[in-house]
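1. Pasting a predicted model and its sequence here:
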Amino acid sequence: MKPGKLVTKAVIPAAGLGTRFLPATKAMPKEMLPVVDQPAIQYVVEEAVRAGLTDLLMITGRQKRALEDHFDREPNLERTLEDKGDLDHLEAVQHASDLGPLHFVRQGEPKGLGHAVLCARQHVGDEPFAVLLGDDLIDERDELLSTMIEVQSRTGGSVVALIEVEPAQISAYGCADVTAIDGENYVRVNGLVEKPSVADAPSNLAVIGRYVLHPAVFDILERTQPGRGGEIQLTDALQTLAMSDGEGGGVYGVVFEGRRYDTGDKLSYLKAVISLASERVEFGEELKSWLKAFIN
C-alpha cells in the first residue's frame, strides 16, 4: 500500500471489565461513566467524527449492550421530550444517535488490547485505520488525530501519540525510544517498551491512547504471543513494525502538547470531570468559585 491512502475507519476498543471502578461498573460499562453530562465513550466517538472518520467499529464484550443502546435511537424518549417542549435535551439525545454509523463486534474474551485490535481485522481490511482508547479524552480545541492521520499518509507506516511525563510516572505507560527528524512535526520511533521501570525507560515519552495503524499490524498480531500481564500487547506488535523496513514498516510519533483528560482510574477520572466541568459556560465560573471556597 502506498502512502496517501485515505483513513476512514476507526476502531474503539471497549471490552474491558472496568475493575478499577467497581462496584459502579458491576452492571454498567466503564465507558458509560458520565463525564459531566455525557458518557466518556461519546467524547471519543465525537473526536473520531471531527477528524473525518466515517466508519466506526466498537469492540465490545459481555454486559456492554448499554454502549449500543446509547448510540441508538429511542423513539419513546424523544417523543416524550418533544411533547414536553424540552428541546435542549431532545437535541442532545438525537446528537448521540446521529454520530454513526457505528458497528459493533464482540471480543469474546479479554486477551488484551492487541487482541481487541485484531478483532477488527475483517471489518478494516487492507486499509490504514485509527484506534482510539476510551481512557484518554482529547480536548476538542486541540488537534491530534487529524495530525496523526496526515503523518500516516506521508510516511506509510504507523503512528502513535506521545506525551511527556515526569520520569517517575513512565512505568505506568508504554514508553518510546525516538529520534527527531529535521524539519518534521513528528519523530521516528526506534523502539517501544511496555511499562518499563524508571531505570530501564529509554525516555520520558509515554504512549497514550491514540494510534493510526498500517494494516500490516494484523499479521504481526496474529503471531504475537501474550506478553506483560498474560495479554497480547499492541506495544509488542508495534515494536516489531518499528524494526521492519518492509510493507507498512516504520513507526512514528506525534508529541501532543494539548489538553488531555485521563479517565483511567478514580482520581484521574475525578480530575477529568472537574476540568471539563470548569470549562462549561453555564456553570463553569460558579464551579470554580465553589472549588476555591471549598479548598479554603
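-> Received, thanks.
2. Going by C-alpha atoms from here, please, whenever you check contacts or count neighbours.
-> Will do.
3. part of a helix, is residue 6?
-> No: Residue 6 is assigned coil when assessed by DSSP: H, G, I helix; E, B strand; the rest coil, not a helix.
4. Next, count neighbours for it.
-> With neighbours defined by other Cα atoms under 10 Å, the count for residue 6 comes to 14.
5. does it really touch residue 151, like I thought?
-> No: contact between residue 6 and residue 151 fails when scored by Cα atoms under 8 Å: they sit 11.7 Å apart.
6. Skip the chain neighbours and tell me the closest residue to residue 108.
-> residue 61 (6.1 Å; Cα to Cα, 6 or more residues apart in numbering).
7. Burial check on that neighbour, number of neighbours?
-> 20.
8. just residue 36 next, same as before
-> 15.
9. As a check, name the ranges of all helices in the stretch 51-200 of the chain.
-> For the stretch 51-200 of the chain, applying DSSP state H, counting those that start in this stretch gives helices covering 65-70, 75-84, 87-97, 113-118, 121-124, 145-155.
10. Please work out how many residues are found near residue 79.
-> 12.
11. Distance-wise, check it relative to residue 85.
-> Noted for residue 79: a distance of 10 Å to residue 85, by Cα to Cα, to the nearest Å.
12. and if you look at residue 281?
-> From residue 281 to residue 85 the distance is 22 Å (Cα to Cα).
13. Wait, residue 220 touches residue 235, no?
-> No: using Cα under 8 Å, residue 220 makes no contact with residue 235, being 11.2 Å away.
14. More neighbours: these two, which one.
-> Neighbours were counted for residue 220 and for residue 235 using other Cα under 10 Å; residue 235 has more, 21 against 18.
15. low pLDDT regions in the stretch 1-150 of the chain?
-> 1-4 (pLDDT under 70).
16. Swap in 90 and give it another go.
-> 1-6, 15-19, 26-27, 61-64, 100-101, 108-112, 134-135 (pLDDT under 90).
17. Then the stretch 151-296 of the chain?
-> Flagging of the stretch 151-296 of the chain using pLDDT under 90 yields the residue ranges 169, 171-174, 183, 185, 193-201, 224-233, 236, 243-249, 264-265, 296.
18. Can you show me the strands along the chain?
-> With DSSP state E, the ranges of strands along the chain come out as 9-13, 34-35, 38-39, 55-60, 102-106, 129-132, 136-138, 158-164, 174-180, 187-194, 205-213, 251-255, 260-262.
19. Tabulate the ones you listed (JSON lines), appending distance to residue 243 and mean neighbour count.
-> Output for the strands of the chain, formatted as JSON lines (distance: least, Cα to Cα, whole Å; neighbours: other Cα atoms under 10 Å):
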{"stretch": "strand 9-13", "distance to residue 243": "24", "mean neighbour count": "25"}
{"stretch": "strand 34-35", "distance to residue 243": "39", "mean neighbour count": "18"}
{"stretch": "strand 38-39", "distance to residue 243": "38", "mean neighbour count": "16"}
{"stretch": "strand 55-60", "distance to residue 243": "28", "mean neighbour count": "23"}
{"stretch": "strand 102-106", "distance to residue 243": "31", "mean neighbour count": "16"}
{"stretch": "strand 129-132", "distance to residue 243": "20", "mean neighbour count": "24"}
{"stretch": "strand 136-138", "distance to residue 243": "27", "mean neighbour count": "21"}
{"stretch": "strand 158-164", "distance to residue 243": "12", "mean neighbour count": "24"}
{"stretch": "strand 174-180", "distance to residue 243": "12", "mean neighbour count": "20"}
{"stretch": "strand 187-194", "distance to residue 243": "7", "mean neighbour count": "20"}
{"stretch": "strand 205-213", "distance to residue 243": "15", "mean neighbour count": "24"}
{"stretch": "strand 251-255", "distance to residue 243": "8", "mean neighbour count": "25"}
{"stretch": "strand 260-262", "distance to residue 243": "29", "mean neighbour count": "18"}
